[in-house]
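A.B. asks: how does the following fold in three dimensions:
(chains A and B)
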Amino acid sequence: MVKPGFRSRSQRRVFVRLPSGIVKLFYRQRKPCQAQCHMCGNVLHGITRGTSAALQRMPKSAKTVNRKYGGSLCSQCSRTLLVEEVIRGGEKQ
Amino acid sequence: MITVGTVCMKIAGRDSGNVGVVVSVEGDRVLLDGFVRRRLCSLRHVEPLGKTVKVKAHASSVDVQKALESLGYTFPVVRTQKREKGKTVKPLPKRVLHVQERVAAKVASEKKKATQKISTKKALTKKITSQETKQ
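C.D. replies: Numbering: from 1, shown residues only, chains lettered A, B, ... in the order given. Next up is the predicted model:
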């Protein structure tokens, strides 16, 4: 009997053919959902999607966007926000 | 209208949010310098702040930065540096500290015993010598 935790669909199910030829059911962690823009809700480009273990092995430059508000806002929304700042009175850095 | 000396903010790329000055205009692109990397930028990636600075065409970045500082702009805040590995010493866990304390107490008690033994030996030898002298 499988672990009670595996009876739910919180884990991904993968059928793997072992070297012996037997097909076995493996339980793998699901990937998190794609990062979205906080303002418009569109999917963010350049933000990696993976388990925490996979993300730990990657450098920061491979995971996020090197821009102001990068990783939380899309390029269009960050542009509009910066222009608004300028209009409001040219906020200094 | 963007001309040489107009103060602009970059709104695209990794320099977005940083302030610079237009050093030269080349068609629909401008050479920006100041608190941004000196490079040609598209006019669509630049937002004028409505201020101008007296700067010569193709001025050096030092002159441009000085002009921007006179307006009150400062260099963008650099993110805190990563702490150096190997320099920070982690405190030992409690279980290890307890063991160390116990070992230290044991060593101290053994030393005490040894000194007591020596002192008793010395006292005995003194007694014997004094008795011999009396005889």
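
A.B. asks: so how far is the longest helix seen in chain B off the chain centroid?
C.D. replies: Counting residues, the longest helix in chain B under DSSP state H turns out to be helix B:94-134. Relative to its parent chain, helix B:94-134 has a centroid offset of 51 Å by Cα atoms, centre = their mean, to the nearest Å.

A.B. asks: just name the shakiest helix or strand of chain A by mean pLDDT.
C.D. replies: helix A:75-89 (a mean of 89; mean pLDDT, DSSP states H and E).

A.B. asks: close to chain B, is it?
C.D. replies: Yes - counting by Cβ under 8 Å from any Cβ of the partner chain, chain B is contacted by helix A:75-89 at A:75, A:78-79, A:82-83, A:85-86. The C-beta positions use only the backbone N, C-alpha and C, and glycine is treated the same way.

A.B. asks: quick one: low-confidence parts of the chain?
C.D. replies: I'll assume chain A. Along chain A, the model assigns pLDDT under 70 to residues A:90-93.

A.B. asks: let's do chain B instead
C.D. replies: In chain B, residues with pLDDT under 70: B:77-87.

A.B. asks: what does it put close to chain A?
C.D. replies: Residues of chain B lying near chain A (Cβ under 8 Å from any Cβ): B:9, B:11-14, B:16-19, B:35, B:47, B:49-51, B:72-77.

A.B. asks: show the buried residues in those.
C.D. replies: Among those, those classed as buried by neighbour count (16 or more other Cβ atoms under 10 Å in any protein chain shown) are B:9, B:11-13, B:16-19, B:35, B:47, B:49, B:73.

A.B. asks: many thanks, we can stop here.
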